[in-house]
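In: just need the structure, nothing else, for what follows:
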Amino acid sequence: MSTTMTTKPAKVDLNKVRNMGIIAHIDAGKTTTSEQVLFFTGRTYKIGNIDEGTTVMDFMELERERGITIGSAATTTEWAGYTLNLIDTPGHVDFTAEVERSLRVLDGGVVVLDAVAGVQPQSETVWRQADRHKVPRLVFVNKMDRLGADFEAAVQSIHRRMEANAVPIQIPIGAEGKFQGMIDLISKTAFIYDNPDPVIHREAPVPDALKDTVEVHRKHLIEKIAETDDDLLVRYLDGKELSGEELRAALRRAVINMKIFPVVCGSALRHRGIHPLLDAVIAYLPSPLDKPPVMASDTKNEEKKVERRADVTAPLSALAFKVVTDQHVGRLVYIRVYSGTLEAGAAVYDPSTRDRERVGRLLRMYADRREDIKSAGAGEIVAAIGLKNVFTGHTLCSIDQPVLLEAIKFPEPVLSVAVEPKTRSDQDKMTAALVRFADEDPTLKVATDPESAQIILSGMGELHLDVIVERMRREFKVEATVGAPRVAYRETIARVAEAQGRFIRQTGGHGQFGDVTLRLEPLERGGGIQFENEISGAVLPKEYYGPIEAGFREAAHGGIVAGFQCVDLKAVLTDGSYHEVDSSEMAFKVAASMAFKAAAAKATPIILEPVMKMEVISPSDFLGEVLGDLSSRRAQIISMEGTAGTQIVLAYIPLAETFQYATKLRSLTTGRASFVQELHHYAPAPKSLLEKKT
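Out: Below you'll find the predicted structure:
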């Protein structure tokens, strides 16, 4: 159950703040590590368990059922007098946007690796994201107690796959069933876990059996640290002893500048290594003051850049990085304050909407619990209530000194499904649900197909869309039918044909008479629908030209053989006749429609299918599998380009063949490949498709 507390505002020492995220591949142990951190720091009194569904950070019902993290959860805790703003992010590639927006606002990160698997596909993805956002990080090699755990192999996989300067600052004592603890290489202190109580570990000198190993690794660590500091390097080469304080200070500078990525180890499930991990976070990851000032654009002149330093007395600048709807307090906007002070009840300016907003309440979040605060200063991560039109990526700033922070960039959706409410009563509820989910999730796109009238959901993958549909059912009680979207085929003609359309109706009174002859001509792709007139007013009065064109266009919209909209053809009015009494605009409209259908039937109608331009980025090892699968999907390979173990394949592929492609590509490449696509052109579909549609 969610609770709210109230606290007095306290002045925050930014040197003692760490905004950190825990990021990794799915199943590496991020959430378990987060739960241990909360327990060790006293934020919880019982360690949450994923298998039992008792985690604090994965508090959504779906997360606890599936045992995965779906949304990034933020919490605040303390360790050794330091404030830790901790964000646990999802590991599944479908929720990569959650990682993207978290890294945008974090100062440092802990990358969790599986000691057996080492660097996994999603580990690469989050590492590249962290590189792009210039986030310093340290590595926690987890699951050292698992069968097959290999600390050295895990470190080597970082060098091989990431090409990163990962340097162990600890080495494990034993592995698999014999994993007993770890040794800090700088202080040469052993942390031994021989007590069943998870909080208690014993500090001891380095065991005799490991002294030589420790010296080898310590020498390597000192060399790596000295390489990043000229003064230390000179002293080291002169054979002088470097103190622990000097090494830690130099290592901290190297980590902040992303020259070194320290590696520690442990077993989160068995409570081992969390205390040294927290010490390493405080010792080596940056505070808000260690990061360079954030750069913003002047709202009056976007090319003019403005610095905003992490100072509570500076003008306010803050970034909204996440929107959620809480069942207890309503719409929550998560905010990272970069400069100045954000106060509850204050008016702020949103340059994205050019509107003023009022902050109703400010909350410090503890996963699904929260406490009211009066203000939040530079470097803090909080949530606000009352911001009605603030969305992910929006800037909040002072009204008299407005600036615009760089927005968060999200990947485009790669998979779409059609959803329909099962009953009429579900229609309004589904609309409300999708509006809310799109508000929360920038990678979820909702659109209505104008031709099929289907609601199309586009997202990052099957799991992403499956979770959205399941949340609709649980949170809004909406039952929906899910299917593949209808492909927007088109129809056209292959050759010139001419036909007459005569509409004659004789009744007791005023009759109907319309006589039209149309010649249809194919146009180049992208030519659209055109209408021309080759006759004069002596043949037909000009008042009938408009109805004839309207009749032709209406018939073309309805298709020739399969009911798809016609494109790339021209109709030419070549002849016609009229009756002075019985002719009418309606009669000529119907006659034009009849002439079009008759001519189109003789003009070799063909179905056109949308063809996508697709770019597949894959490791070279999987190029054969990727090309084979594309060929089976009727793809036309345009080009291939190789760079540093990666192949970029450019191809044209029919849209109908791309459904489920994201899942298939991940399966073929163990999740290491990605792709983007966009509509490029329409091309004739195979004859088998024409036969199927007719």
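
In: which ones are touching the nearest residue to residue 127 once chain neighbours are set aside?
Out: Among residues not flanking residue 127 along the chain, residue 162 sits closest, at 5.2 Å (Cβ to Cβ, 6 or more residues apart in numbering). Where C-beta positions appear, they are placed from N, C-alpha and C, glycine not excepted. Contact partners of residue 162, counting by Cβ atoms under 8 Å, 6 or more residues apart in numbering, are 119, 124, 127.

In: and residue 162, how far from residue 253?
Out: Residue 162 is 21 Å from residue 253, where distance means Cβ to Cβ, to the nearest Å.

In: over to residue 523?
Out: Separation of residue 523 from residue 253 (Cβ to Cβ): 66 Å.

In: ditto for residue 483
Out: Taking Cβ to Cβ, one finds residue 483 at 56 Å from residue 253.

In: which one's more surrounded, those two?
Out: residue 253 (17 against 10; other Cβ atoms under 10 Å).

In: test my guess that the more buried one contacts residue 230.
Out: No - the pair residue 253 / residue 230 is not scored as a contact, 11.9 Å apart, by Cβ atoms under 8 Å.

In: test my guess that residue 181 contacts residue 195.
Out: No - if you go by Cβ under 8 Å, residue 181 and residue 195 don't touch, sitting 11.0 Å apart.

In: please say which of the two ends up with more neighbours.
Out: residue 181 (25 against 10).

In: quick check: phi and psi at residue 543.
Out: phi -60, psi -20 (degrees, to the nearest 10).

In: tell me the contacts of it?
Out: Counted by Cβ under 8 Å, 6+ apart, residue 543 has contacts residue 585.

In: distance-wise, check it relative to residue 517.
Out: Distance, residue 543 to residue 517, by Cβ to Cβ: 18 Å.

In: in this structure, where's the longest helix?
Out: helix 585-602 (DSSP state H).

In: flag every buried residue along that helix.
Out: Buried residues in helix 585-602, defined by neighbour count with 16 or more other Cβ atoms under 10 Å: 587-600.

In: again, but for stretch 638-654
Out: 647, 649, 651, 652, 653, 654.

In: need the phi and psi values for residue 164.
Out: Given degrees, to the nearest 10, the pair of backbone angles that residue 164 has is phi -110, psi 150.

In: if you could redo that for residue 305, that was the one I meant.
Out: Main-chain dihedrals, residue 305, degrees, to the nearest 10: phi -100, psi 140.

In: is it true that residue 434 lies in a helix?
Out: Yes - counting by DSSP: H, G, I helix; E, B strand; the rest coil, residue 434 is part of a helix.

In: could we number from 19 for the rest of this?
Out: Got it, first residue is 19 now, which makes that one residue 452.

In: tell me how many other residues crowd the spatially closest residue to it that is not a sequence neighbour.
Out: Sequence neighbours aside, residue 464 is the residue nearest to residue 452 in space, at 4.8 Å (criterion: Cβ to Cβ, 6+ apart). A count of nearby residues for residue 464, using other Cβ under 10 Å, gives 16.

In: distance from the chain centre to the longest helix of the chain, please.
Out: Offset of helix 603-620 from its chain centre (Cα atoms, centre = their mean, to the nearest Å): 50 Å.

In: continuing past that helix, what's the next helix or strand?
Out: strand 623-637 (DSSP states H and E).

In: okay, now the unreliable bits of the stretch 319-468 of the chain?
Out: The model of the stretch 319-468 of the chain has pLDDT under 70 over residues 320, 345, 385-386, 429-430, 432-433, 468.

In: let me fix that, I meant to ask about the stretch 119-268 of the chain.
Out: 139-140, 214-217.

In: which residues in it form strands?
Out: Using DSSP state E, counting those that start in this stretch, the strands found in the stretch 119-268 of the chain span residues 126-132, 155-160, 184-186, 188-191, 199-202, 207-210, 220-223.

In: just checking, what packs against the last one?
Out: Translated: strand 220-223. With contacts taken as 3 or more Cβ pairs under 8 Å, 6 or more residues apart in numbering; DSSP states H and E, strand 220-223 sits against strand 207-210.

In: ok now the strand it packs on, how far from the chain's centre?
Out: 41 Å.

In: in its sheet, what does that strand sit against?
Out: Using DSSP bridges, the strands paired with strand 207-210 in its sheet are strand 199-202 (antiparallel), strand 220-223 (antiparallel).

In: in CSV: those, plus distance to residue 598.
Out: Formatted as CSV, the strands paired with strand 207-210 follow (distance: least, Cβ to Cβ, whole Å):
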stretch, distance to residue 598
strand 199-202, 102
strand 220-223, 110
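
In: to residue 381, which of these lies closest?
Out: Counting by Cβ to Cβ, residue 381 lies closest to strand 199-202 out of these; the figure is 37.0 Å.

In: restrict that closest one to CA atoms and write it as PDB.
Out: Output of strand 199-202 as PDB, limited to C-alpha atoms (Å, rounded to 0.1, in the frame of the first residue of the first chain):
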ATOM      1  CA  GLY A 199      34.000 -12.900  -0.100                       C
ATOM      2  CA  MET A 200      36.300 -10.400  -1.800                       C
ATOM      3  CA  ILE A 201      39.600  -8.500  -1.300                       C
ATOM      4  CA  ASP A 202      39.900  -4.800  -1.800                       C
END
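
In: contacts for it next, please.
Out: 187-191, 207-211, 219, 224, 228, 232, 282-284, 290-291, 294.

In: how far out from the middle of the chain is it?
Out: 37 Å.

In: could you do stretch 303-312 as well?
Out: 25 Å.

In: just stretch 507-525 next, same as before
Out: 49 Å.

In: could you do stretch 128-140 as well?
Out: With Cα atoms, centre = their mean, you get 20 Å for stretch 128-140.

In: export the strands of the stretch 119-268 of the chain as a markdown table, with columns for distance to residue 403.
Out: As requested, the strands of the stretch 119-268 of the chain are exported to a markdown table (distance: least, Cβ to Cβ, whole Å):
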| stretch | distance to residue 403 |
| --- | --- |
| strand 126-132 | 28 |
| strand 155-160 | 32 |
| strand 184-186 | 42 |
| strand 188-191 | 42 |
| strand 199-202 | 43 |
| strand 207-210 | 43 |
| strand 220-223 | 45 |
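
In: of all the ones you listed, which one comes closest to residue 379?
Out: Nearest to residue 379 among the strands of the stretch 119-268 of the chain is strand 126-132 (28.4 Å), distances taken as Cβ to Cβ.

In: which strands or helices does that closest one pack on?
Out: Using 3+ Cβ pairs under 8 Å, 6+ apart, strand 126-132 is in contact with strand 35-42, helix 48-58, helix 139-150, strand 155-160, helix 169-180, helix 292-302.

In: looking at the ones you listed, which is nearest to residue 566?
Out: Once the helices and strands packed on strand 126-132 are compared by Cβ to Cβ, helix 139-150 is nearest, at 58.0 Å.
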